[in-house]
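J.: Build me a structure from this.
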Amino acid sequence: MLEKLAMPDHRPSADALAGPTTVSFRFYEELNDFIAPARRYRDFELPCDTEANLKHLIEAAGVPHTEVELILVNGISVGFAARLQPGDRVSIYPKFESLDIGPLLRLRPEPLRVTRFVADAHLGGLARLLRLAGFDTLYDNHFADDEIERLAASDSRIVLTRDRALLKRRGISHGCYVHALKPTAQLVEILARLDLTRRVRPFSLCLECNAPLRAVAKAQIIDTLPLSVREQRQRFSTCAVCQRVFWEGSHWQHMRERLSQAIAAATLQEKTS
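T.: Presented below is the predicted three-dimensional model:
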């Protein structure tokens, strides 16, 4: 699922909303992970202030707006700005893996044409693996939430995080809550969820700088190479930013195998979802 600075969100919880009516809500599939256990996989009544829009109500229930792909009110597709009436029934869906909902109202103006990410401070391992796979991914463990929000808006980046509050910020339109805990499992999750397996370009970005790598002639960098590498390797690439030189050694082979396994696992998830 797809990606102005804003003050921290201090909206009241859903149960605290005072209003003249209640409406029926139901969240589907993985959106249930965000809501209270007693409300999962069933219809439930929610107090509704008629002045509050759907985005506020959904996030008050605990679900970041970036996780929602389709909203139906009484069977009719609506956007986040819609307001509810007494007796309305609201159905909220995550991204559809195999169902084309193009004829229905999409909740974002358009998909991002270039897949770029910004990862929060807890996802450094995932950021490196995404770079390994060839996806432009900004990461700094000193990034504050304001900076992540600014980068998401200015560079049209998808925010990756395990912080639900971050995904509720107004300036973030495309984001993914990362469920997995380990970097490799996180990579599989993102590749499968965003259908990225066919767009992987291994070893095209520097793992440290996120800058493009370019091929370099051995003669240009031979003086920087260990003796064993000079004798055994012929193909090299370099990063224009940090000037590191890379070659296809044992570490390269290990990373390629790790990436191949992740792609295979993500492809299997895509086929079975």
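J.: Could you pull up phi and psi at residue 41?
T.: Residue 41 adopts backbone torsions of phi 60, psi 30, taken as degrees, to the nearest 10.
J.: I'd guessed it sits against residue 32; true?
T.: Yes. Between residue 41 and residue 32 there is a contact at 5.7 Å, judged by C-beta atoms under 8 Å. For glycine as for every other residue, the C-beta is placed from the backbone atoms N, C-alpha and C.
J.: Now do the SS call for residue 25.
T.: Assigned with DSSP: H, G, I helix; E, B strand; the rest coil, residue 25 falls in the strand class.
J.: Next, residue 72: secondary structure please.
T.: Here residue 72 is recorded as strand under three-state DSSP.
J.: Is the residue nearest to the spatial centre of the chain within a helix or a strand, and which one?
T.: The C-alpha lying nearest the average C-alpha coordinate of the chain belongs to residue 176 (C-alpha atoms, centre = their mean; 2.9 Å). Counting by DSSP states H and E, the element that carries residue 176 is strand 175-177.
J.: Residues contacting the next helix or strand after that strand, please?
T.: Remark: after strand 175-177, the chain's next helix or strand is helix 183-193, criterion DSSP H and E. With contact meaning C-beta atoms under 8 Å, 6 or more residues apart in numbering, helix 183-193 is reached by 1, 95, 123, 125-126, 128-130, 133, 160, 176, 178-180, 196-197, 200, 258, 261-263, 265-267, 269-270, 273.
J.: Buried ones in helix 183-193, by neighbour count?
T.: 183, 184, 186, 187, 188, 189, 190, 191, 192, 193 (16 or more other C-beta atoms under 10 Å).
J.: Please convert those residues to JSON lines, extending it with distance to residue 48 and pLDDT.
T.: Compiled in JSON lines, the buried residues of helix 183-193 are given as follows (distance: C-beta to C-beta, whole Å; pLDDT from 0 to 100):
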{"residue": "183", "distance to residue 48": "41", "pLDDT": "97"}
{"residue": "184", "distance to residue 48": "42", "pLDDT": "97"}
{"residue": "186", "distance to residue 48": "36", "pLDDT": "97"}
{"residue": "187", "distance to residue 48": "40", "pLDDT": "97"}
{"residue": "188", "distance to residue 48": "38", "pLDDT": "97"}
{"residue": "189", "distance to residue 48": "33", "pLDDT": "95"}
{"residue": "190", "distance to residue 48": "34", "pLDDT": "95"}
{"residue": "191", "distance to residue 48": "38", "pLDDT": "94"}
{"residue": "192", "distance to residue 48": "35", "pLDDT": "92"}
{"residue": "193", "distance to residue 48": "31", "pLDDT": "89"}
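J.: which stretches of the protein form strands?
T.: Chain-ordered strands for the chain, with DSSP state E as the definition, fall at 21-27, 44-48, 70-73, 76-78, 89-93, 117-119, 137-139, 158-161, 175-177, 213-216, 236-239, 245-247.
J.: Check which helices and strands the first one sits against.
T.: For strand 21-27, the packing partners by 3 or more C-beta pairs under 8 Å, 6 or more residues apart in numbering; DSSP states H and E come out as strand 44-48, strand 89-93.
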